Each structure stands twice: as C-alpha cells, then as structure tokens.
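**Student:** my questions concern the predicted model and sequence given below.
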Amino acid sequence: MMVFATFLILAALTLLVGESRRSALSRKGEDWALDAAGLIIQGIVIPILQTTLIYGLFAMLLPQLKGTLDVHPALAFVLNFIGVDYLYYWNHRLLHSTTFWDTHAVHHTAKQMDLFITSRNTLWSSLLIVYVWVNGLLIFLLKDPRLFILAISLTASLDLWRHTSFTFKPQSRWHGLFALVLITPNEHAWHHSRTKANKNFGANLSIWDRLHGTYFSPTQLPETFGIASDLNLTRKLFFPFTPGKVAN
Ligand SMILES: [Zn+2]
Ligand SMILES: [Zn+2]
C-alpha cells in the first residue's frame, strides 16, 4: 500500500509540475512501453514471485527452518533497511562490471530522470538482484516478518523518489542533512549521468558509497542523462546482448 500510494503521489506531482511533465511526456512510445513493462515486473510480478515461488522453494528445501528466526521487530527492520541495503550496494557494483554490465545497462538508457524510469530494465534482470532472493528467504525464516516487510516497502518507496527531481537543491543545507544518511535524487542523478555512472551505487543509505570511495555529491546536477543504445525494444526487454550491444 505504501509503495502504491508513493507511486500515485509522485505520478501526480510529475504530471502537475510543468517542467517534470514536459520532460516525462517527451519520451518516445517505445520508452513508455519499456518503462511500463519494468514497473509491472518490479511492482507486481516480482512481489508475487517472492511470496509464491521463491517462498515455496525455501519451504520445500528447508521446511524445518520456517519461522525459526525469532528477533525483535526493530532488528527485523534493520536487517532489511541496512543489511540488505549493503548487500545491494555490492550487487549493484557487480552489475557495473564488464561481465554483468549488459544485464543492467538498459536501466542507464533513460535520457531524463523521473518516476517512470525507476524500473526500466531488461525484464529478467530483476532475478539478478540480490534482495529478490534474500528478502524471500528472510520472510520465510523470520517468526514475525511484519517490520521486515515494512522496510521492503520503505526501500521501494525511496527507490521511486530517488528517480524523481522532487528534492532539495544540491547546494542547500537541507540536502546536506538528507544526504548525510540517504542517497537522494541528486546523487542518483549522477549515477545516471554519462560521466559518473560508477559513483553512488547505494540504494537507501549513503554510508556504503562513502565507506568504499564511490560517493559523489557536488553542488550542481548533471546536464545530460543516459547512455546511447542501438538496441530495439525487444532486445532491451529480453536479450540486451549482441548483435546490437548497448554502448558502455
Ligand atoms: Zn547502475
Ligand atoms: Zn536508477
């Protein structure tokens, strides 16, 4: 519910604010199809998959461990919001390696930042994201997974926000305060830039990039976004490899 409400609020803002509306509506029909498919996969198909197939897989392989992880609900929240977030940091860095880049590059083809590009990706590449599996496993293991699931929703809501431009100006004090803890839309915008894609790999927290020397948060925003791609829609959705490789 929280994620859906966040999506609706940010979608309304995107369509109400002149500049963001112009930018969002300037995308081609093909990009609408790509972005809509991504949102359906990440917002509907993956959660269903996690609660049925992935959960069922663990229930079949490890039936004796169901509900055996008895931790305080606050710790369950931390486990997801901080623990899984750190795993994702390294997962995202791996997706930028030569070996895996093709499976992630489509996310970097968006020419503007807005809510609708949040889940732009090759459809099956969600299966390479660590939290899809780890979250399924931990929901299975936890005795009381409610706050763990709340942290999943918060993470997904922040992901939507991070792709918008609805935030404080990068030179403002408020941005400084937010960025002390979170990866804000300003830092993620640089991750989508042509020059600094190897910076700001984090999702929720900025500490991981700060710790590992990949943090980049200047007082201005990038002027251009997105890498060039000569892949057609079908290849972007299903087979982002040869013959038309996405340019790195
Ligand atoms: Zn990336
Ligand atoms: Zn992104």
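**Tutor:** That came through fine. Ligands and ions are numbered 1, 2, ... in the order given.

**Student:** name the SS class of Val78, please.
**Tutor:** The three-state assignment at Val78 reads helix, by DSSP: H, G, I helix; E, B strand; the rest coil.

**Student:** could you report the separation of the nearest residue to it once chain neighbours are set aside from Gly213?
**Tutor:** Excluding its sequence neighbours, the residue lying closest to Val78 (C-beta to C-beta, 6 or more residues apart in numbering) is Ala151, at 7.9 Å. No exception for glycine: its C-beta is placed from N, CA and C like everyone else's. Look at Ala151 and Gly213: by C-beta to C-beta, to the nearest Å, they are 27 Å apart.

**Student:** over to Ala105?
**Tutor:** 23 Å.

**Student:** wait, what's in contact with the nearest residue to His107 once chain neighbours are set aside?
**Tutor:** Spatial nearest neighbour of His107, excluding adjacent residues (C-beta to C-beta, 6+ apart): Asn121 at 5.0 Å. By C-beta atoms under 8 Å, 6 or more residues apart in numbering, the contact set of Asn121 is 38, 41-42, 104, 106-107.

**Student:** try 7 Å this time
**Tutor:** 38, 106-107 (C-beta atoms under 7 Å, 6 or more residues apart in numbering).

**Student:** which one's the longest helix in this structure?
**Tutor:** helix 146-162 (DSSP state H).

**Student:** got the end-to-end distance for stretch 201-210?
**Tutor:** 10 Å (C-alpha to C-alpha, to the nearest Å).

**Student:** please report phi then psi for Phe225.
**Tutor:** Dihedral angles of Phe225 (phi, psi; degrees, to the nearest 10) stand at phi -120, psi 150.

**Student:** so where do the helices sit in this protein?
**Tutor:** For the chain, the helices defined by DSSP H occupy 2-16, 18-25, 29-40, 46-49, 55-61, 73-78, 85-95, 101-104, 130-141, 146-162, 173-181, 185-191, 207-211, 233-238.
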